[in-house]
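Participant: kindly return the folded structure for what I paste below:
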Amino acid sequence: MKYIVNVANKRHVVEINETGEILLDDRPISIDMQSTPGDSIHSLLIDGRSYLASVERTEEDWQVLLLGDLYSVQVIDERQERLAASGGAGAGASGEFKLKSPMPGLVVTVPVSEGQTVAEGDILVILESMKMQNELKSPMDGIVSKVKVSDGDSVEGSQLMIVVTQPETD
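Facilitator: Residues are numbered from 1 along each chain as shown. Predicted coordinates for the structure are as follows:
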């Protein structure tokens, strides 16, 4: 089965063949993943390197916190992509990024305010969880259209914190 994975404005093809081998953009990779039922934290061993990641499913995508960076990941299978293309529906960007808390935690600081222009990679929120501070960054250039949290707020997993919108172009 092939999947189309969009992350950080890049398209990747992930294929899982009948023997369980995983190919990422036609390159074989070795992955072992362990998780606790009901927990969003996953222990990954990718090509011999160990990682911890928080993975949360939202209505629109998967929110993946890895090495302090938050990624919005869209996954569709190859058949869905073909159906969307044949029906004229595009998988184009909505022009809006909704930053949701990848896990329960405490908002340390919100260095942006509504109406502020941000660039890709700018810090939107610093969230403390499990005694670690995570800098949650904007995946795109845009304007902060909503700020739903403040310094010191406690947040739940998948709670909406900030919305960044791409400006309208003529």
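
Participant: after the lowest-mean-pLDDT helix or strand in the chain, which helix or strand is next?
Facilitator: Using mean pLDDT, DSSP states H and E, helix 78-86 stands out as the lowest-scoring helix or strand of the chain, at a mean of 55. Following helix 78-86 in sequence order, the next helix or strand is strand 96-100 (DSSP states H and E).

Participant: please compute how far that next one lies from its chain's middle.
Facilitator: Relative to its chain's centre, strand 96-100 lies at 9 Å (C-alpha atoms, centre = their mean, to the nearest Å).

Participant: name every strand pairing with it and say which way it goes.
Facilitator: Using DSSP bridges, the strands paired with strand 96-100 are strand 160-165 (antiparallel).

Participant: buried residues in the strand it pairs with, which are they?
Facilitator: 161-165 (16 or more other C-beta atoms under 10 Å). Where you see a C-beta, it was placed from the backbone N, CA and C, and this is true even at glycine.

Participant: just the pLDDT for the closest residue to residue 105 other than its chain neighbours.
Facilitator: Nearest residue to residue 105, sequence neighbours excluded (C-beta to C-beta, 6 or more residues apart in numbering): residue 129, at 3.3 Å. On pLDDT, residue 129 comes in at 81.

Participant: what's the neighbour count on residue 129?
Facilitator: As a burial measure, residue 129 scores 18 neighbours (other C-beta atoms under 10 Å).

Participant: that one pairs with what?
Facilitator: Assessed by DSSP bridges, residue 129 has beta-bridge partners residue 132.

Participant: and residue 3, by the same measure?
Facilitator: With DSSP bridges as the criterion, residue 3 is bridged to residue 14, residue 77.

Participant: in a markdown table: the buried residues of strand 160-165, plus distance to residue 63.
Facilitator: As requested, the buried residues of strand 160-165 are exported to a markdown table (distance: C-beta to C-beta, whole Å):
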| residue | distance to residue 63 |
| --- | --- |
| 161 | 11 |
| 162 | 13 |
| 163 | 14 |
| 164 | 14 |
| 165 | 18 |
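
Participant: among those, which two are most distant?
Facilitator: Farthest-apart pair in these is 161 and 165; separation 14.6 Å (C-beta to C-beta).

Participant: which other residues reach stretch 25-32?
Facilitator: Applying C-beta atoms under 8 Å, 6 or more residues apart in numbering, the contact partners of stretch 25-32 are 12-13, 15, 21-23, 44-48.

Participant: quick one: contacts of stretch 111-120?
Facilitator: 122-124, 126, 137-147, 162, 164.

Participant: and it, how far from the chain's centre?
Facilitator: Stretch 111-120 sits 19 Å away from the centroid of its parent chain (C-alpha atoms, centre = their mean).
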